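**Q** With the input below, show me the fold.
(one chain, ligands or ions: 1)
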Amino acid sequence: MYIVSACLLGEPCRYDGNDNLTDWVKELTEDHTVCMVCPETLGKLSVPRPKSEIKDGAVINEEGEDVTKAFEDGARIAYIRAVAAAMSIGEEIEGAILKSNSPSCGKDKVYDGTFTGTMVDGEGIFAKTLREHGIKIYTEKEKF
Ligand code: SF4
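**A** Residues are numbered from 1 along each chain as shown. Alright, predicted model coming up:
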C-alpha cells in the first residue's frame, strides 16, 4: 500500500481549492492499494485556507497566524489513518507519494516563509513524520 497526497489524485483540497491531479499517480491506483490523505484538512484546516509556509520550524500562514499545531495534528492523524488502513488489509506500507514543495507534504524543498516564492532545503510536517517512521517518500516528480 502506498500513502498518497489526496490532491495528487484529484481531490480539491489545496489551500486555494484546486487539486494537483497527476496522471501517473492516478494510474498507480489501478494495480496498487493506496491510502489517500490530506494532512492539512485532517488537521481541521478549511478549504480554501490562507497559504502557509515554514519559518524557523513553525508553520505560519499568510495572515501571520501560527498554524503549527493544526499541521502537526493533521500529520499525526494522517499517519495513524494510513497505518490502520494497511493493517486492516494485511499489507505493508511500501512508501508514500507526496506533493512536492508543500509545507505538509514537501520532501526536499519547501518555501522559505517569506511568501516570495523562494525555496529552501527542507521538508513538510507530514513528510517529516513519515520519514521519522522509516517510510520511503517519493514526489509526483519521481515517477517509478
Ligand atoms: S496537505 Fe498535502 S495532500 Fe493536502 S493539499 Fe497540501 S499537498 Fe495536497
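**Q** what about the longest helix in this structure?
**A** Using DSSP state H to define each element, the chain has its longest helix at helix 68-89.
**Q** check whether the helix or strand just after it contacts the ligand.
**A** Towards the C-terminus, the helix or strand next in line after helix 68-89, according to DSSP states H and E, is strand 95-98. No - legend: contact between strand 95-98 and the ligand by Cβ under 6 Å from any ligand atom is lacking; minimum distance shown is 6.7 Å. Every residue, glycine included, has its C-beta placed from N, CA and C.
**Q** how near is residue 46 to residue 13?
**A** Between residue 46 and residue 13 the computed distance is 10 Å (Cβ to Cβ, to the nearest Å).
**Q** Which stretches in the protein count as helices?
**A** Using DSSP H, the helices assigned to the chain run over residues 23-28, 39-42, 68-89, 125-132.
**Q** Please list all residues in contact with the residue nearest the centre of the chain.
**A** Centrality entry for the chain: nearest residue to the mean C-alpha point is residue 105, 2.8 Å, by Cα atoms, centre = their mean. Under the criterion of Cβ atoms under 8 Å, 6 or more residues apart in numbering, the contact partners of residue 105 comprise 5, 39, 98, 99, 124, 126, 127.
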